[in-house]
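Peer 1: Have a look; sequence and predicted model below, questions after that.
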Amino acid sequence: MATSVTNHFDELNDRFSTYAAKFHPDYLFDIFSTDELYPFWIADQDFKSPPAVINALVHRANNGIYGYEYKPAQFKNIVKKWYWDQFQCVIKEDWMVHTPTIMSSMAMAVDLFTQSSDKVIIQPPVYKEFSNVLNKTERTAITNPLVLKENKYQIDFDQLKELAKKDNVTALMLCNPHNPAGRVWTRQELQQVVNIALENNLLIISDEIHADIVFSNGQFHSLLSFPEIQQQLVVCYSPAKVFNIASISDSLCLIPNRELRMKFDSLRDRYNMGRTNAFSQVAWMAGFSHGASWVKELNQYLERNVTYIHEFVKNQIPEISCVKQEGTYLVWMDVSKLNIQGEELIQYLAKNAQVGLTDGAVFGKEGTHFVRMNISCPFSIIKQAMDSLRDSIHQI
């Protein structure tokens with residue numbers, strides 16, 4: 001590991017003195033019945049943002065005036081360049097529509113482009129807000145559960161083909177890279193998804209917020225790089241995860257289909273959701289312009305954490321196992337062999353290991369007997385947490 005990487009990310013940063021939801025004592029008490037633990041639940045990082053982002057934000061803050069702003073022409077050019085440099089994906093400026101959050105984008109897309117009688121495919125175990133969006137918009141979720149094969153999640157394409165043919169099935173919500181499975185879908189896998197969507201006239205709504213968190217054994221492919229699906233595609237993206245700017249970042253909805261984009265933009269304007277966040281655009285532009293090498297170092301560091309955890313579990317906690325992954329900073333652990341499960345296990349580990357994990361059941365019933373761990377924190381914290389997990393699990 002290069003010294004620069006170690007120096008950047010080994011630093012222990014104080015988040016308890018900020019209003020970080022992840023460390024909020026009331027939240028910790030509600031979930032874990034204690035605040036005397038290290039929280040590995042909410043998916044943000046315990047690392048500082050890239051120096052270029054911090055410096056740009058400080059410079060902007062020192063201006064002292066925070067009135068209404070616009071996004072300059074160079075903003076879209078910078079985003080386009082990032083997509084090409086990082087993902088080898090060509091996008092167009094007029095595809096871009098800005099919204100407050102990824103999930104507001106997805107909810108708007110579901111509300112606009114499906115009917116209340118429609119059914120939407122999701123692939124659990126998956127981020128719980130997918131099903132929450134469908135419940136709130138009064139759509140019916142039908143599941144195409146991922147299949148765990150050779151300790152790695154796969155898409156059940158045979159079942160997906162059958163579901164796509166059913167009456168009133170009009171859309172698929174895709175998570176790429178996948179939370180919590182850690183999969184970065186290959187181009188071949190995505191091509192199969194695209195083919196099924198084309199054959200059955202399905203709209204694909206793709207959450208690509210983890211696109212930048214990919215390890216050496218994976219390569220991210222945006223669905224925007226498949227020209228044949230662009231007319232029935234909505235992609236939701238933000239650098240909030242990679243630059244750790246979730247509390248100040250807005251999001252980007254990329255919609256190549258002009259008719260769909262105009263409807264989406266109209267709904268956004270109706271609720272006045274297009275206001276520019278000055279700090280968000282400063283952070284985006286600085287990160288995209290000067291943060292590529294930092295992102296590479298971040299991914300190296302995260303991969304080191306993941307490798308350590310996987311090896312540690314394999315050698316010292318044989319009662320559990322880690323699912324193979326190619327990206328995200330979320331480790332997915334199979335705890336099915338333990339004598340206690342679910343909330344009982346989460347509470348036990350919180351009390352005895354001082355480690356706050358997420359019960360896999362919140363990602364759908366397919367996540368039962370799993371736990372999720374956010375590993376985007378200094379390696380010293382990881383080592384301490386794994387030692388504590390080992391000792392407490394051996395006492396069950």
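Peer 2: Arrived safely. Numbers count the residues shown, from 1 in each chain.

Peer 1: Distance of Ser131 relative to Thr137?
Peer 2: According to CB to CB, to the nearest Å, Ser131 stands 11 Å off from Thr137. From N, CA and C alone the C-beta is placed, and that goes for glycine too.

Peer 1: Show me the domain layout of the chain.
Peer 2: 3-51+292-393, 66-290 (automatic domain parsing).

Peer 1: Tell me which of those domains sits nearest to His59.
Peer 2: domain 66-290 (8.1 Å; CB to CB).

Peer 1: one step back: nearest to Leu57, out of the domains of the chain?
Peer 2: Of these, nearest to Leu57 by CB to CB is domain 66-290, at 5.9 Å.

Peer 1: Going by neighbour count, which residues of stretch 344-363 are buried?
Peer 2: Of all the residues in stretch 344-363, those buried under the rule 16 or more other CB atoms under 10 Å are 345-350, 352-361, 363.

Peer 1: Restricted to helices, list those.
Peer 2: Leu345, Ile346, Gln347, Tyr348, Leu349, Ala350, Asn352 (DSSP state H).

Peer 1: which of the residues you listed lies closest to Lys92?
Peer 2: Ile346 (45.1 Å).

Peer 1: what's the spatially closest residue to the closest one that is not a sequence neighbour in contact with, if anything?
Peer 2: Nearest residue to Ile346 in three dimensions, chain neighbours excluded: Asp359, at 5.0 Å (CB to CB, 6 or more residues apart in numbering). Residues counted as contacts of Asp359 (CB atoms under 8 Å, 6 or more residues apart in numbering) are Gly342, Glu343, Leu345, Ile346, Gly367, Val371.

Peer 1: rerun at 10 Å
Peer 2: Contact analysis of Asp359 by CB atoms under 10 Å, 6 or more residues apart in numbering lists 31, 41, 335, 341-347, 367-372.

Peer 1: Mean pLDDT added to the domains of the chain, as JSON lines?
Peer 2: What follows is these, written out as JSON lines (pLDDT from 0 to 100):
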{"stretch": "domain 3-51+292-393", "mean pLDDT": "95"}
{"stretch": "domain 66-290", "mean pLDDT": "96"}
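
Peer 1: could the ones you listed go into a markdown table alongside distance to His59?
Peer 2: Formatted as a markdown table, the domains of the chain follow (distance: least, CB to CB, whole Å):
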| stretch | distance to His59 |
| --- | --- |
| domain 3-51+292-393 | 12 |
| domain 66-290 | 8 |
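
Peer 1: returning to that earlier point: please produce CSV containing the ones in helices among the buried residues of stretch 344-363, extended by distance to Asp207.
Peer 2: Below are those laid out as CSV (distance: CB to CB, whole Å):
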residue, distance to Asp207
Leu345, 28
Ile346, 25
Gln347, 30
Tyr348, 32
Leu349, 28
Ala350, 29
Asn352, 35
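
Peer 1: Which members of those residues are the farthest-apart pair?
Peer 2: Among these, Ile346 and Asn352 lie farthest apart (CB to CB), at 11.3 Å.

Peer 1: Skipping adjacent residues, who's closest to Ser336 in space?
Peer 2: His369 (3.8 Å).

Peer 1: Next, count neighbours for the one you found.
Peer 2: Using other CB atoms under 10 Å, His369 has 17 neighbouring residues.

Peer 1: what's the distance between it and Pro125?
Peer 2: 10 Å.

Peer 1: Could you identify the helix or strand that succeeds the strand or helix carrying Lys241?
Peer 2: Assigned by DSSP states H and E, Lys241 falls within helix 240-243. Later in the chain than helix 240-243, the nearest helix or strand by DSSP H and E is strand 251-254.

Peer 1: And that next one, what does it pack against?
Peer 2: With contacts defined as 3 or more CB pairs under 10 Å, 6 or more residues apart in numbering; DSSP states H and E, the packing partners of strand 251-254 are helix 73-87, strand 96-99, helix 102-113, strand 233-237, helix 258-270.

Peer 1: Tell me which of the ones you listed sits most buried.
Peer 2: Mean neighbours per residue, mean count of other CB atoms under 10 Å, is largest over the helices and strands packed on strand 251-254 for strand 233-237, with a mean of 26.

Peer 1: just the angle between it and helix 258-270, please?
Peer 2: Orientation check (axes from the mean of the first three to the mean of the last three CA atoms, to 10 degrees): strand 233-237 against helix 258-270 gives 50 degrees.

Peer 1: could you check the angle helix 73-87 makes with strand 233-237?
Peer 2: Going by the same axes, to 10 degrees, strand 233-237 makes 100 degrees with helix 73-87.

Peer 1: export strand 233-237 as CSV, just CAs?
Peer 2: This file holds the C-alpha atoms of strand 233-237, laid out as CSV (Å, rounded to 0.1, in the frame of the first residue of the first chain):
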residue,chain,number,x,y,z
LEU,A,233,-33.9,4.1,-19.6
VAL,A,234,-33.6,6.4,-16.6
VAL,A,235,-30.2,6.4,-14.8
CYS,A,236,-29.8,7.9,-11.4
TYR,A,237,-26.3,9.0,-10.4
